[in-house]
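> return a 3D structure for these sequence lines:
(one chain, ligands or ions: 1)
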Amino acid sequence: MKLSHFHAFEPLCPRCLVGGGGEVPLVIGTVVRAVTHGGEEDIEEGILLCGACRMEFPILDGIPIVLNDLRTFVRDNLSHLLTRTDVSPVLESVLADASGPGTVFEAARQFISSYASDHYGDLAPDLERPLIGPAAPGAVARHIAAGFELFGDAPAPQAALALDLGCSVGRSSFELTRQTRGLVLGLDLNIPMLRLGRRILTSGRVNYRERRVGLVYDNRDFVAALPSPERVDFWAANVLEAPFRAARMGHVAAMNVIDCVPSPATFLHEIERLLAPGAGAIVSTPYDWSAAATPYEAWIGGHSQRGPMAGAAEPLIRSLIGGDHAHAARGLELVGEREIEWHVRMHSRSTVLYQCHLMAVRRKA
Ligand SMILES: C[S@@+](CC[C@H](N)C(=O)[O-])C[C@H]1O[C@@H](n2cnc3c(N)ncnc32)[C@H](O)[C@@H]1O
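Residues are numbered from 1 along each chain as shown. Predicted coordinates:
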């Protein structure tokens, strides 16, 4: 956790924030290990502390875990939190063959493979896939560039803070530094993904295993020249309860995450809460609903085919963004929208292609 980001973003105790205890800033309670990257102090292991409720939030592998329901998260993620990260690719493949499919380890490897191959595959010097076409890697970087184009020529607020909600392995957070002037913070709940983003940030090297077929993964390892890594950091936090004061953010990105949360409408309200007056957010989604992530009553479209919108998602989300829906985030307005392709690569012979709805949204002044 970079000190620059801690001081600029001023995290609040999520437990007090959600539990009605108000906006209580966290303090650095304990530093177990810190390093310096490019003259910048970075806490690799330590504890953030709430002065009011005395809740402790761990910083592990440089990633602070700032969550209201910390106990459930840590209990559910203990194997990820305590996973070794120094196992060589060859021993990793021996362990994968020995344990077989269906393990937590294998699921994490597949996720990393899918997201890292889109986020960083276009930067690999030995890329075997075409760099053009719908399944070309780098789609999330194209989302960020296209999203900002929808704002037209509106000048970016000087040194405004930016949040990348559901940042996964982090390419979009780096890309946000091209579009903005201030610090960028990527938030996610997936520890292996955050850890990869963090390793890329601190080492300048992209290293992950890319799935070829079955349990066979190829080692990808290359130097990537990413823009302004000194302005980026990654934290574990819930995007529905982001632990920050209202109206602090100059930019928010939420790429392909609104259909992954239990309450999409709450997510739009959270974006509204976080944005400063006049500030902008870019939101994309393939509306790829699953009941495992979002109870179907909360889906934006995808049900109630006999209703006035015939189950369509697009008019419903427009009515939720500053429109006339009963649950609308009334402080937001839709500035522009377009369609854009995105994909999730499963293995060398399978890539799921999505058509996403990309929207530029502004907090009314
Ligand atoms: C479909 S992926 C999209 C990742 C990335 N934005 C992209 O477009 O490639 C959704 C991401 O949101 C994260 N996520 C889902 N629910 C979340 C929550 N409540 N808080 C933080 N992150 C969340 C997931 O861990 C995952 O990395």
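
> so which bits of the stretch 151-300 of the chain are right by the ligand?
For the stretch 151-300 of the chain, the residues in contact with the ligand (CB under 6 Å from any ligand atom) are 166, 168, 172, 187-190, 193, 238-240, 255-257, 260-261. (Each C-beta comes from the backbone N, C-alpha and C, glycine too.)

> residue contacts, the residue of the chain found nearest the ligand?
The nearest approach of the chain to the ligand comes at residue 166, 2.9 Å away (CB to the nearest ligand atom). The contact partners of residue 166, by CB atoms under 8 Å, 6 or more residues apart in numbering, come to 187, 188, 239, 254, 255, 256, 257, 260.

> ok, for the first one, nearest residue in space, not its chain neighbours?
The shortest distance from residue 187 to any residue other than its chain neighbours is 4.5 Å, reached at residue 237 (CB to CB, 6 or more residues apart in numbering).

> which SS state does the residue of the chain most remote from its centre fall under?
Most distant residue from the mean C-alpha position of the chain: residue 306, 34.6 Å away (CA atoms, centre = their mean). What DSSP: H, G, I helix; E, B strand; the rest coil gives for residue 306 is coil.

> bridging residues for residue 12?
On the basis of DSSP bridges, residue 12 is bridged to residue 25.

> was I right about it contacting residue 27?
No - counting by CB atoms under 8 Å, residue 27 is not a contact partner of residue 12; they are 11.2 Å apart.

> with neighbour numbers in mind, choose between the two.
A count of neighbours by other CB atoms under 10 Å puts residue 12 above the other of residue 12 and residue 27, at 21 against 13.

> OK, contacts around residue 201?
By CB under 8 Å, 6+ apart, the neighbours of residue 201 are 170, 229, 232, 233, 234.

> the strands in the stretch 1-150 of the chain, which residues?
Taking DSSP state E, counting those that start in this stretch to define them, one finds strands in the stretch 1-150 of the chain at 26-37, 40-50, 56-60, 63-64.

> contacts for the last one?
So that's strand 63-64. 1, 6, 11, 48, 57-58, 191, 194-195, 198, 234-236.

> for residue 141, see how far away residue 357 is.
Using CB to CB, to the nearest Å, residue 357 is found at 18 Å from residue 141.

> actually, residue 179.
11 Å.

> before we move on, back to that, most neighbours, which of the contacts of strand 63-64?
Counting neighbours by other CB under 10 Å, the top entry in these is residue 234, with 31 neighbours.

> which residues touch that one?
By CB under 8 Å, 6+ apart, the neighbours of residue 234 are 62-63, 167, 170, 173, 185-188, 194, 197-198, 201.

> can we see that at 10 Å?
By CB atoms under 10 Å, 6 or more residues apart in numbering, the contact list for residue 234 reads 1-2, 5, 62-64, 164, 167-170, 173, 184-188, 193-201.

> and if you look at residue 120?
Counted by CB under 10 Å, 6+ apart, residue 120 has contacts 137-138, 140-141, 169-171, 174, 196-197, 200, 206-208, 210, 220, 222, 224, 226.

> show me where the stretch 1-150 of the chain has its helices.
3-9, 14-19, 70-81, 89-99, 104-119, 139-149 (DSSP state H, counting those that start in this stretch).

> would CSV of the ones you listed with mean pLDDT be doable?
As requested, those are exported to CSV (pLDDT from 0 to 100):
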stretch, mean pLDDT
helix 3-9, 98
helix 14-19, 96
helix 70-81, 97
helix 89-99, 96
helix 104-119, 96
helix 139-149, 97
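
> distance of residue 183 from residue 231?
From residue 183 across to residue 231, the span is 5 Å (CB to CB).

> more crowded one of those two?
More neighbours surround residue 183 than the other of residue 183 and residue 231, with 23 against 20 (other CB under 10 Å).

> CA-only coordinates of the strand of greatest length in the chain in CSV, if you can.
When the chain is parsed with DSSP state E, its longest strand is strand 332-347. Included here for strand 332-347 are C-alpha records, laid out as CSV according to Å, rounded to 0.1, in the frame of the first residue of the first chain:
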residue,chain,number,x,y,z
LEU,A,332,-26.3,11.1,-12.5
GLU,A,333,-26.8,11.8,-16.2
LEU,A,334,-25.9,9.8,-19.2
VAL,A,335,-23.5,11.7,-21.5
GLY,A,336,-22.9,9.2,-24.2
GLU,A,337,-23.1,5.5,-25.1
ARG,A,338,-21.9,3.0,-27.7
GLU,A,339,-21.4,-0.7,-28.3
ILE,A,340,-18.0,-2.3,-27.9
GLU,A,341,-16.6,-5.8,-28.1
TRP,A,342,-15.0,-7.6,-25.1
HIS,A,343,-14.0,-11.2,-24.6
VAL,A,344,-13.0,-13.7,-22.0
ARG,A,345,-10.4,-16.2,-23.3
MET,A,346,-11.0,-19.7,-21.8
HIS,A,347,-8.2,-21.6,-23.6
